[in-house]
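Student: sharing a model that was predicted from the sequence below.
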Amino acid sequence: MRASRGEYANLRARHLVAMRPQVSLARSVSSPLIMIAVIGTLAWEFPVTLPLMAVDTFHKGAGT
C-alpha cells in the first residue's frame, strides 16, 4: 500500500523534527573537527619535511 502525499509529508516532517538534536550536535562539533584536520595535516608532514630539510638545506643527515 502506498502512502498518500499528505502521509509522506507528515512522515518527513516527523523525521526532520527528530533529527534536530543531531544536526545541532554536528554544527557544534564541526568547528573543532575542521581545526583538528588542519593541524593534523600540517603535523603529519613534519616527519617527511624535516629530514629532507636537514639533508638539502643544512647538508647533514636526518639523525643529526
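Tutor: Thanks, I have it.
Student: switch to C-alpha atoms for all contacts and neighbour counts from now on
Tutor: Will do.
Student: list phi and psi for Thr57.
Tutor: phi -90, psi -50 (degrees, to the nearest 10).
Student: how close does it sit to Val23?
Tutor: According to Cα to Cα, to the nearest Å, Thr57 stands 49 Å off from Val23.
Student: check Glu45 too.
Tutor: 33 Å.
Student: neighbour count winner among Thr57 and Val23?
Tutor: Val23 (12 against 9; other Cα atoms under 10 Å).
Student: check the offset of whatever helix or strand the more buried one lives in from the chain's centre.
Tutor: Assessed by DSSP states H and E, Val23 sits inside helix 5-56. Distance, stretch centre to chain centre, for helix 5-56: 3 Å (Cα atoms, centre = their mean, to the nearest Å).
Student: correct me, but Val55 touches Gly61?
Tutor: Yes. Assessed by Cα atoms under 8 Å, Val55 is found in contact with Gly61 at 5.5 Å.
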